[in-house]
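Colleague: my questions concern the predicted model and sequence given below.
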Amino acid sequence: MTPQDRQLTERAAQIEALLGDIESLPDPALRDAVTGIVQDLLALYGEGLARILESVRRRCSDTEGAQVLADLAGDDLVSHLLLLHDLHPVDLQTRVANALEGVRPYLKSHGGNVELLGVEDGVAHLRMQGSCHGCPASAITLKLSIEEALFKAAPDLAGIEAGGAEEPAPLPAGFVPASAVRRRDRMPQSEG
């Protein structure tokens, strides 16, 4: 972690502590006023970020714009800000799939693999394959490797459900399989 990243982490912790202090203010009118200011600031910054992304989309060719957005999404701080404001240029399913690709060599080195069945209502449905399913270390492999990779790439993920190759996890009604979704990073499309 760079010194700059360390400072940002410390600043984020300070903000969390201050938000906790705001919630515990005894005066409800003051608490509501301060909360309103924070919400208005977030909305203002969110609109600014949206305009920046729209400007990139308008002024850059598809290839250049996609590269700029990929660079922005690749920065942890910017990526989290984009997620906070629902502006992330890469959809949840693609971020999950890319994270699994990153952890797959580790799983294969232990004789296992994982298949993304799809993402439904923010939950990633996975199927463990090979020796990762049924072995005593499978829970540890899932928790330490897959969960860490997925939640780093997709902190907006609501959960992970995993089954083994012999017993696929039941899928909810209206489930869209990963293979049915176009897998590419996308730029926000203009309306009009």
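Modeller: Thanks, I have the structure now.
Colleague: how close does Phe151 get to His80?
Modeller: 12 Å (C-beta to C-beta, to the nearest Å). To be clear about C-beta, it is placed using only N, CA and C from the backbone, and glycine gets the same treatment.
Colleague: how are the strands of this structure distributed by residue range?
Modeller: Remark: strands of the chain, listed N- to C-terminal, are 112-120, 123-130, 159-164; assignment by DSSP state E.
Colleague: export the ones you listed to a markdown table and append columns for mean pLDDT.
Modeller: What follows is the strands of the chain, written out as a markdown table (pLDDT from 0 to 100):
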| stretch | mean pLDDT |
| --- | --- |
| strand 112-120 | 89 |
| strand 123-130 | 86 |
| strand 159-164 | 82 |
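Colleague: next one: Ile15 from Leu8, what distance?
Modeller: 10 Å.
Colleague: more neighbours, these two?
Modeller: The neighbour comparison of Ile15 against Leu8 (other C-beta atoms under 10 Å) goes to Leu8, with 15 against 11.
Colleague: wait, the more buried one sits on Leu77?
Modeller: Yes. Proximity of Leu8 to Leu77 meets the contact threshold set by C-beta atoms under 8 Å, at 6.0 Å.
Colleague: domains in this structure, by residue range?
Modeller: Structural domains annotated on the chain: 3-84, 92-179, as defined by automatic domain parsing.
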